[in-house]
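Novice: need a structure here:
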Amino acid sequence: MDNHVEEWEAAYGKVRAAVTLKYPDGGEVPEFLLHIDKGEAWWRWSDEAFDH
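Specialist: Numbers count the residues shown, from 1 in each chain. From the prediction side, this is the model:
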């Protein structure tokens, strides 16, 4: 279990404030998660906002 939930959420908020993911037509993707692990990054996205 992750014992750093508040830290993760604070970091996620900073990333979401600075980064947008856009569809090829220029529209903004409603929700995405950006994963970063050492020198590798990947993301997943959704057409609908995630439940918070």
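
Novice: switch to C-alpha atoms for all contacts and neighbour counts from now on
Specialist: Noted.

Novice: neighbours around residue 34, how many?
Specialist: Residue 34 has 14 neighbours, counted by other Cα atoms under 10 Å.

Novice: please apply the same query to residue 24.
Specialist: Number of residues near residue 24 (other Cα under 10 Å) recorded here: 7.

Novice: specify the local secondary structure of it.
Specialist: At residue 24 the chain is in coil, as set by DSSP: H, G, I helix; E, B strand; the rest coil.

Novice: check residue 9 too.
Specialist: For residue 9, the assignment made with three-state DSSP gives helix.

Novice: only alpha carbons, please: show the helix or strand of the chain with the lowest mean pLDDT as PDB.
Specialist: Lowest mean confidence among the helices and strands of the chain (mean pLDDT, DSSP states H and E): strand 31-37, at a mean of 87. Coordinates of the C-alpha atoms in strand 31-37 are reproduced here as PDB (Å, rounded to 0.1, in the frame of the first residue of the first chain):
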ATOM      1  CA  GLU A  31      -8.400  13.200 -18.200                       C
ATOM      2  CA  PHE A  32      -5.100  11.500 -18.200                       C
ATOM      3  CA  LEU A  33      -2.500   9.900 -15.900                       C
ATOM      4  CA  LEU A  34       1.200  10.500 -16.600                       C
ATOM      5  CA  HIS A  35       3.500   7.800 -15.200                       C
ATOM      6  CA  ILE A  36       7.200   8.500 -14.700                       C
ATOM      7  CA  ASP A  37       9.700   5.900 -13.500                       C
END
